[in-house]
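A.B. asks: no sequence on this one, just coordinates:
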């Protein structure tokens with residue numbers, strides 16, 4: 001069940017988050033999405049800010065994966 005404090009991520013933010021979680025680096029995620037690594041970083045900063053805004057900090061990649069799983073943005077079947 002998603003956390004009631006789930007932030008509303010845009011579809012693009014979810015796409016970038018999942019690509020980055022699956023990648024070895026921001027550069028690899030960027031290449032897969034045909035964007036720059038800087039743009040990946042910007043999206044991740046916004047995602048982290050949204051999580052912080054609802055009192056659910058996600059400072060690391062592991063934390064962001066946990067939040068994405070908790071909030072239904074992805075499932076363990078994907079990984």
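C.D. replies: Yep, that arrived. Bear in mind the structure is a predicted one, so any value in this text is a computation, not a measurement.

A.B. asks: Chain neighbours aside, what residue packs nearest to residue 12?
C.D. replies: Here the nearest residue to residue 12 in space, its sequence neighbours aside, is residue 43; by C-beta to C-beta, 6 or more residues apart in numbering that works out to 7.1 Å. (Each C-beta comes from the backbone N, C-alpha and C, glycine too.)

A.B. asks: per-residue confidence at residue 78?
C.D. replies: pLDDT, residue 78: 75.

A.B. asks: Equivalent analysis for residue 8, please.
C.D. replies: Per the predicted model, pLDDT is 93 at residue 8.

A.B. asks: circling back to that earlier point, so where does the residue nearest to residue 12 fall, helix or strand?
C.D. replies: Per DSSP states H and E, residue 43 falls inside helix 37-53.

A.B. asks: Quick check on the most centrally placed residue in the chain: phi, psi?
C.D. replies: Nearest to the mean C-alpha position of the chain, counting by C-alpha atoms, centre = their mean, stands residue 17 at 3.0 Å. Dihedral pair for residue 17: phi -60, psi -50, per degrees, to the nearest 10.

A.B. asks: about what we covered before: any idea how far the residue nearest to residue 12 lies from residue 51?
C.D. replies: 13 Å (C-beta to C-beta, to the nearest Å).
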